[in-house]
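Enquirer: Provide a 3D model corresponding to the input given below.
(chains A, B, C and D)
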There are 2 protein chains.
Amino acid sequence: MLKGVTVRSDSAGGRGPDPAAPGRRELNKVRTREAIVGALRELVAEVPAADVTVDQVAERAGVSRRTFFNYFGSIPAVLSAVFADHAAAMIARLDPEVIGDDPVTALRGLTRTHGIPEDLLGWFVALNRHAADTDATVLLERTVWADMAAWLRERLHDTLPEADPLFVATLASAVMSCFQATEEAWLKDLDVDRPQQLSPADVTRFHDHLDRALGLLADGWRSPSA
Amino acid sequence: MLKGVTVRSDSAGGRGPDPAAPGRRELNKVRTREAIVGALRELVAEVPAADVTVDQVAERAGVSRRTFFNYFGSIPAVLSAVFADHAAAMIARLDPEVIGDDPVTALRGLTRTHGIPEDLLGWFVALNRHAADTDATVLLERTVWADMAAWLRERLHDTLPEADPLFVATLASAVMSCFQATEEAWLKDLDVDRPQQLSPADVTRFHDHLDRALGLLADGWRSPSA
DNA sequence: GTGCAATTTTGCACACCGTGCAGGGTTTCG
DNA sequence: CGAAACCCTGCACGGTGTGCAAAATTGCAC
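Expert: Model (predicted):
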């Protein structure tokens, strides 16, 4: 089991005692988690996402099958966790005052000022690199988006405790469907020549699509045709 | 997906068009389909929905495990099919002119004039009768709602070919989340004393909740608090 | 250092899921 | 009637997700 690097209590140098030092235990957990995510990322680039099995991910991550399930409940759960991490970083920048006043515009402005993590766009491309197996991959992504909607719903509920739960639920779902539709449109344009590396223009185009999608929400529901 | 009965459509080896002749074969297919749905309905009332297994459904329906999978791809797929049947009956009553003008109001008016099939409300109650296993049941229902959103999206796309796909996707998702939130709120009120039979007042209360939810959509997004 | 307690990893077992395949029974129609 | 088309069924197989207990690892105090 590759038990290299026998480390002794480092205490290297005379640096500060680091009271809140994570400890090897916590560090290992982070390391394993990242290994699993990284392994999935690699595999998804090689074979259709829906064909990736837990065993493959576990083996490439260098852990047992059982350990994978100690960290994530399923493969979609890994994706949801990655997406949620990015989303959490974005939400953290929200100004509570602004979002309370006009949530859609606030969320819209968020993506305009801070942009979308490029890593996330990379996942979108990877997940759709092998379009052979359309049906199952669509299903997989749908569950992830539904997960994200539930996640956003809770975040909004935390941020706007006064808001009508019905409003929060509907808003979260609508916002995530904007992301979903944006991803689809964006990938469609990207489909012609799928690059290994995303160009800055690709990133900009994603932002444009998303802005237009959220604009539909902000502008109301009475203009169905483009 | 709603992968319906793939049991091969008839194609009648003979030349004659033979119009409205159901045929014994077709009748049997309908019968077993209803047997499967009925078996699930019964089981869901007895044990937590997430604990129902395919084997149980198949046995109670009087068919083999394998036959179940010939009709439905999974248990959530059964629910999605049932829901979609009801939804299709409602959508069929939509006036294309009205929906093209103001889709949300059109859908809202639909539920007000024609109501919600009581059978559907019965499913809501049955699916949540055993709240013990909250987590898994929520997950199960979430997949059904996501399925329905995809279904509604396709219906809207058929009804409004001119509409912006982004608008259609967002609208479908938002509408279904209204139903989802309505179901939650409705069941919560019902929770105190859960009756075996639904009273007319219960039905009315569902309509009120739904109308308020869809009203949030129609009124726009700038009023987060109740 | 050493030993013990807490925690994590791992292998194993088990029930369940979803599908391909082939045999057998039933319906349809010439 | 008889062949063809069709549907049901059992079987097998790979995959999923979880409980359980043994083994390995880490934290901590002596």
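Enquirer: after the worst-scoring helix or strand of chain A on mean pLDDT, which helix or strand is next?
Expert: Every helix and strand of chain A was ranked by mean pLDDT, DSSP states H and E. The lowest is helix A:96-101, at a mean of 76. Moving toward the C-terminus from helix A:96-101, the next helix or strand (DSSP states H and E) is helix A:103-114.
Enquirer: stretch A:73-80 near chain B at all?
Expert: No. Between stretch A:73-80 and chain B, judged by C-beta under 8 Å from any C-beta of the partner chain, nothing touches; the nearest distance is 9.9 Å. Bear in mind the C-beta positions are built from the backbone N, C-alpha and C, glycine included.
Enquirer: in the strand or helix carrying A:Phe124, which residues are buried?
Expert: Assigned by DSSP H and E, A:Phe124 belongs to helix A:118-127. Buried positions in helix A:118-127, judged by neighbour count with 16 or more other C-beta atoms under 10 Å in any protein chain shown: A:Leu120, A:Leu121, A:Trp123, A:Phe124, A:Val125, A:Ala126, A:Leu127.
Enquirer: A:Ala39 against A:Thr67, yeah?
Expert: No. Contact criterion C-beta atoms under 8 Å: A:Ala39 and A:Thr67 do not qualify, at 11.9 Å.
Enquirer: show me where chain A has helices.
Expert: A:23-46, A:54-61, A:65-71, A:75-91, A:96-101, A:103-114, A:118-127, A:134-159, A:165-190, A:200-219 (DSSP state H).
Enquirer: with respect to burial, which of those helices scores highest?
Expert: Mean neighbour count (mean count of other C-beta atoms under 10 Å in any protein chain shown) peaks for helix A:165-190 among these, with a mean of 23.
Enquirer: for that one, packing partners?
Expert: Contact here means 3 or more C-beta pairs under 8 Å, 6 or more residues apart in numbering or on different chains; DSSP states H and E; on that basis helix A:165-190 packs against helix A:103-114, helix A:118-127, helix A:134-159, helix A:200-219, helix B:165-190, helix B:200-219.
Enquirer: find the nearest non-adjacent residue to the spatially most central residue of chain A, please.
Expert: Centroid-nearest residue in chain A: A:Phe83, 1.3 Å away (criterion: C-alpha atoms, centre = their mean). Distances taken as C-beta to C-beta, 6 or more residues apart in numbering or on different chains put A:Met148 closest to A:Phe83, at 5.6 Å, once the chain neighbours are dropped.
Enquirer: the one you found contacts A:Ala87, correct?
Expert: Yes. Counting by C-beta under 8 Å, A:Met148 does reach A:Ala87; the two are 6.7 Å apart.
Enquirer: still on that earlier bit, joint contacts of A:Ala39 and A:Thr67?
Expert: Here A:Ala39 and A:Thr67 have A:Ala58 as joint contacts, going by C-beta atoms under 8 Å, 6 or more residues apart in numbering or on different chains.
Enquirer: for A:His114, what are its contacts?
Expert: With C-beta under 8 Å, 6+ apart, A:His114 has these contacts: A:Met90, A:Arg93.
Enquirer: do you know how far it is from A:Leu152?
Expert: Distance from A:His114 to A:Leu152, counting by C-beta to C-beta, to the nearest Å: 16 Å.
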